[in-house]
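Colleague: Here is the input, now give the coordinates:
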Amino acid sequence: MKVTFGTLLLLLAGPALGADLLRNARFDEPPGPGGAVSGWMSRGEQFGKARLVTDRIASPTLALELTAVGKGSTGNDSFMLYQIIPHEKLRGRKVKFGAKVWTEGAGVNLVLFTPEGQANDFDPNVKSGGFKPHHGSLVIPKNASYLTFGIQLFGPAGGKAWVDDAFVEVEGERAENDQPAPGGAEVRVAVDAGRVERAINPWLYCMHIEWVEDGLGLMEHDRPVLREQVMTKLRPLHIPLFRFPGGIHADYYDWKLGIGPQEKRGQSENVFTKKVERHRFGTPEFAELLKETGASALITANFGTGTAEQAGAWARYLADQHLPAPLWEVGNEIYLSGPKTDGPNGKRIFKPSDEYARRFASFRDAIHQALPDAKVGAIANLDAGAFPLAPPENREWSHKMLGGLRSRADFVATHDAYAPVVIDGANDFSTEPKRREGYRSLYAAADQTREDLDELAARVDKQSPSNRGLPLAVTEYGPLFGVSSDAKRQAVYVDQSRTQAAAIYVASLLDVFIGHPRVMAACYTNPIHKWYGSLLTDTDQGLVVTPTYHVFSLYRSRFFDDLLPAKIDSGRFDGGRLGLVKERRGASEILARASRSKDGRRVGIMLVNRSVDHDRQAEVSLAGFPATSVDCKVLSAPVPWAINGPRLSDTTSSAGEIAPRPLPCTGTDRIALRLPPNSVVSVVAQRG
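Modeller: Residues are numbered from 1 along each chain as shown. All right, here's what the predicted structure looks like:
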């Protein structure tokens with residue numbers, strides 16, 4: 001039987017090459033969120049559904065059950081589970097595939113597919129009476145552009161089939177090929193564990209939250225307490241700082257409306273939704289969050305509509321409540337407002353640059369009267385993306401403000417790390433090639449952020465001599481794929497923020513922040529949100545842990561106190577212009593940072609593979625550290641547009657649970673391992 005696969009343009013590489021090229025081939029991994037089959041992607045959900053069962057299995061403990069729904073499943077209008085298989089090293093080789101299949105009202109087609117050639121096994125018998133072995137083989141064409149294995153359902157609505165013990169393997173090869181090859185490394189990383197560059201500031205892992213919508217989901221909707229299921233997820237991350245009361249919201253915020261009994265609290269407009277909300281998540285609830293997580297506060301003082309006296313009174317209240325608030329910033333993004341601009345970040349909060357430079361000291365002094373040890377930062381921004389964000393009349397705000405800032409700040413706060421921010425519809429991420437192109441631009445954006453931070457530090461030193469050498473704080477950052485008034489397109493942008501690709505971008509930014517000597521703090525946006533990926537997505541189907549959550553989990557549990565030198569030899573990639581992101585050539589495919597624990601017994605290394613298409617064989621040499629054991633973990637997905645939980649669009653894929661898993665690695669002083677595409681790899685070496 002010949003099957004057309006015009007809709008299956010699957011261009012990206014998947015898991016590492018081994019004897020069995022499939023993940024979860026026996027379907028025995030526990031189901032992911034919503035019952036998703038771990039390791040497998042699906043298409044044609046309107047024609048069929050899949051679940052794991054225990055009552056019809058060929059081997060313990062689970063098997064796959066397929067059911068045709070709707071108008072049935074046939075041809076291109078069919079339901080399929082599939083995986084993408086690395087194909088480069090399979091060209092010219094014979095690959096076998098198969099599974100055990102039980103049909104009852106529907107048939108199953110097993111297919112190994114490349115655009116240049118395919119093989120399939122289809123039995124039209126729709127009532128097999130038990131599991132029957134099915135198998136086939138294909139010599140992979142030497143010009144194969146990609147390779148997939150699919151399990152396709154054919155039958156009327158209600159027809160069922162069961163599948164177990166699937167396999168795809170190179171003929172004559174066995175499982176020892178799962179181990180990384182000792183030679184032929186494409187990437188080399190050299191770590192000097194005997195020399196510490198500097199301590200790593202834990203404030204690099206802080207979170208941005210807002211007072212609106214119950215703290216964006218931190219509180220229960222029906223009672224004024226923190227949600228325990230959220231706290232259970234946040235506590236293990238050891239978040240050091242929470243930024244409050246918001247970004248743009250901060251420049252409208254009156255802290256007194258958020259204290260006292262709930263029923264007596266004031267109301268304010270949510271400047272984004274235009275709805276009036278009671279201040280349910282106020283300072284007392286924020287204090288409880290800090291207590292529950294062991295964190296401290298970064299407070300954004302209201303410069304847009306507030307006064308120095310109000311900031312000082314809030315600082316006094318926090319001091320009286322013994323609430324730890326070591327960091328303050330004066331204002332949020334006044335530099336992006338304008339005297340003629342409408343909208344939340346507009347004329348209602350606009351203040352000229354000379355007024356900010358003049359009044360900053362009064363805010364700083366008022367805060368210091370109550371909290372003399374607090375660090376108080378001024379705000380500034382380059383606005384150096386591919387298009388300007390500030391209105392024309394305000395584009396020199398930061399330049400002028402720094403030139404007029406005579407008083408000493410403790411740091412400079414900036415927001416130069418959102419990407420790609422598509423506003424012109426240049427990429428709708430509707431096809432795999434578009435997504436692949438967009439992710440390259442996204443990954444390269446982290447390099448643009450590094451250069452922007454370098455330039456901002458240089459401008460501070462040059463334009464404000466009294467503030468020469470100040471540290472920088474990136475008090476908001478994250479994947480912001482775009483903004484659109486079209487609801488369908490906006491759903492795509494929001495959906496993309498939940499992807500594995502978004503997590504790789506966040507890991508790339510963490511690499512920048514950790515490596516930059518002037519960056520002292522960075523706040524990710526947000527720990528929880530109903531729509532955006534954040535760390536936790538608060539969906540109608542329950543709380544979803546995003547791939548980005550796992551990035552922070554890896555860094556907080558397996559990356560340590562002191563920064564070590566790490567030199568890297570890696571391939572390069574190019575990223576095109578997209579949204580705010582400028583065209584970039586020669587970005588490093590692989591990023592690497594190394595750390596050592598305070599007691600000197602552990603070395604933690606974080607590797608980020610930013611290749612959209614290819615896995616890379618890597619060798620990490622570890623000097624000055626006699627390791628006795630090495631443990632490796634990887635966060636990867638079958639495709640970079642994979643997400644955890646329900647989708648909002650057809651531009652993402654639910655591929656089972658994306659979470660860190662063990663990664664084979666060999667050696668102690670020279671560690672060999674394979675880095676999957678779009679992955680974060682953690683290596684921890686320990687000595688006795």
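Colleague: rest of the way, CA atoms for contacts and neighbours
Modeller: Noted.
Colleague: do you know how far Gln118 is from Thr148?
Modeller: Between Gln118 and Thr148 the computed distance is 10 Å (C-alpha to C-alpha, to the nearest Å).
Colleague: out of the two, which sits in the more crowded spot?
Modeller: For Gln118 versus Thr148, the count of surrounding residues by other C-alpha atoms under 10 Å is larger for Thr148: 23 against 19.
Colleague: I figured the more buried one was touching Tyr82, is that so?
Modeller: Yes. Between Thr148 and Tyr82 a contact is recorded at 6.8 Å, counting by C-alpha atoms under 8 Å.
Colleague: Now for Gln118 and Thr148: what residues contact both?
Modeller: Leu112 (C-alpha atoms under 8 Å, 6 or more residues apart in numbering).
Colleague: can you give me the helices in the stretch 101-250 of the chain?
Modeller: Taking DSSP state H, counting those that start in this stretch as the test, the helices found in the stretch 101-250 of the chain are 212-217, 228-234.
Colleague: Check the stretch 351-500 of the chain too.
Modeller: Ranges of helices within the stretch 351-500 of the chain are 353-370, 397-404, 432-463, 487-496, 500-515, based on DSSP H, counting those that start in this stretch.
Colleague: now the fourth one against helix 432-463, angle please.
Modeller: By that I understand helix 487-496. 70 degrees (axes from the mean of the first three to the mean of the last three C-alpha atoms, to 10 degrees).
Colleague: got a list of what Pro646 touches?
Modeller: So Pro646 contacts 34, 539, 541, 654 (C-alpha under 8 Å, 6+ apart).
Colleague: residues touching the residue nearest in space to the middle of the chain, list them.
Modeller: Against the mean C-alpha coordinate of the chain, by C-alpha atoms, centre = their mean, the closest residue is Ala503 at 2.1 Å. Counting by C-alpha under 8 Å, 6+ apart, Ala503 touches 547-548, 551.
Colleague: Glu197 too?
Modeller: Contacts of Glu197 (C-alpha under 8 Å, 6+ apart): 562-565.
Colleague: Ranking by neighbours, what's the top pick from the residues you listed?
Modeller: Leu563 (25 neighbours).
Colleague: where's that one relative to Asn201, distance?
Modeller: 10 Å.
Colleague: which residues in the stretch 251-400 of the chain form strands?
Modeller: In the stretch 251-400 of the chain, the segments counted as strands under DSSP state E, counting those that start in this stretch are 267-269, 276-278, 296-301, 327-330, 375-379.
Colleague: Give the buried residues for the first one.
Modeller: It refers to strand 267-269. Ser268 (16 or more other C-alpha atoms under 10 Å).
Colleague: State the pLDDT value of the residue nearest to the centre of the chain.
Modeller: Listed pLDDT for Ala503 reads 98.
Colleague: Would you confirm that Ala587 contacts Asp447?
Modeller: Yes. Counting by C-alpha under 8 Å, Ala587 does reach Asp447; the two are 7.4 Å apart.
Colleague: For the residue lying closest to Ser441 once chain neighbours are set aside, give the beta-bridge partners.
Modeller: Spatial nearest neighbour of Ser441, excluding adjacent residues (C-alpha to C-alpha, 6 or more residues apart in numbering): Gly575 at 4.3 Å. Beta bridges link Gly575 to Arg584, judged by DSSP bridges.
Colleague: Do I have it right that Gly575 meets Ala446?
Modeller: No. If you go by C-alpha under 8 Å, Gly575 and Ala446 don't touch, sitting 11.1 Å apart.
Colleague: circling back to that earlier point, okay if I get the contacts of Ala503 as CSV plus secondary structure, neighbour count and distance to Phe122?
Modeller: Converted to CSV, the contacts of Ala503 look like this (DSSP: H, G, I helix; E, B strand; the rest coil; neighbours: other C-alpha atoms under 10 Å; distance: C-alpha to C-alpha, whole Å):
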residue, secondary structure, neighbour count, distance to Phe122
Pro547, helix, 30, 36
Thr548, helix, 29, 40
Val551, helix, 25, 41
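Colleague: for those, which one is nearest Thr666?
Modeller: Comparing the contacts of Ala503 against Thr666 with C-alpha to C-alpha places Val551 closest, at 23.1 Å.
Colleague: gap between the residue nearest to Thr539 when sequence neighbours are not counted and Leu218?
Modeller: Once flanking residues are discounted, Thr539 sits nearest to Lys530: 5.9 Å by C-alpha to C-alpha, 6+ apart. For Lys530, the distance to Leu218 (C-alpha to C-alpha) stands at 11 Å.
Colleague: Which of these two has more residues huddled nearby?
Modeller: A count of neighbours by other C-alpha under 10 Å puts Leu218 above the other of Lys530 and Leu218, at 26 against 16.
Colleague: Please tell me how far the more buried one sits from Ala659.
Modeller: Plainly put, Leu218 is 23 Å away from Ala659 if you go by C-alpha to C-alpha.
Colleague: Which stretches in the stretch 101-250 of the chain count as strands?
Modeller: 107-114, 117-122, 132-139, 148-154, 160-170, 187-192, 198-199, 206-208, 241-244.
Colleague: among the ones you listed, which is nearest Ala491?
Modeller: Using C-alpha to C-alpha, those put strand 206-208 closest to Ala491, at 22.3 Å.
Colleague: which stretches of the stretch 101-250 of the chain have low pLDDT?
Modeller: Along the stretch 101-250 of the chain, the parts satisfying pLDDT under 70 run over 172-184.
Colleague: Packed most tightly, which of the strands of the stretch 101-250 of the chain would that be?
Modeller: Highest mean neighbour count of the strands of the stretch 101-250 of the chain: strand 241-244, a mean of 27 (counted as mean count of other C-alpha atoms under 10 Å).
Colleague: hey, C-alpha coordinates of that strand in CSV?
Modeller: Only the C-alpha atoms of strand 241-244 are listed here, as CSV (Å, rounded to 0.1, in the frame of the first residue of the first chain):
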residue,chain,number,x,y,z
LEU,A,241,14.5,37.0,44.8
PHE,A,242,11.0,37.8,43.6
ARG,A,243,10.5,41.1,41.8
PHE,A,244,7.3,42.9,42.9
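Colleague: Direction included, what does it pair against?
Modeller: Here, using DSSP bridges, strand 241-244 pairs with strand 206-208 (parallel), strand 296-301 (parallel).
Colleague: Including distance to Leu470, could these go into TSV?
Modeller: Supplementary listing: those in TSV, determined by distance: least, C-alpha to C-alpha, whole Å:
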stretch	distance to Leu470
strand 206-208	19
strand 296-301	17
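Colleague: Tell me which of those sits nearest to Asp631.
Modeller: strand 206-208 (26.6 Å).
Colleague: What's the separation between the residue of the chain most remote from its centre and Ile568?
Modeller: The C-alpha centroid of the chain is most remote from Gly129, which lies 45.8 Å away (C-alpha atoms, centre = their mean). Gly129 is 57 Å from Ile568, where distance means C-alpha to C-alpha.
Colleague: circling back to that earlier point, mind checking which of the strands paired with strand 241-244 is nearest Asp650?
Modeller: Of the strands paired with strand 241-244, the one closest to Asp650 (C-alpha to C-alpha) turns out to be strand 206-208, at 29.2 Å.
Colleague: which outside residues touch that closest one?
Modeller: With C-alpha under 8 Å, 6+ apart, strand 206-208 has contacts from 239-244, 246-247, 475-476, 521-527.
Colleague: distance between it and the chain's centre?
Modeller: The chain centre lies 14 Å from the centre of strand 206-208; the measure is C-alpha atoms, centre = their mean, to the nearest Å.
Colleague: Return the closest of the contacts of Ala503 with respect to Leu382.
Modeller: Nearest to Leu382 among those: Thr548, at 26.6 Å, using C-alpha to C-alpha.
Colleague: surely the closest one meets Ser534?
Modeller: Yes. The pair Thr548 and Ser534 qualifies as a contact (C-alpha under 8 Å) at a distance of 7.1 Å.
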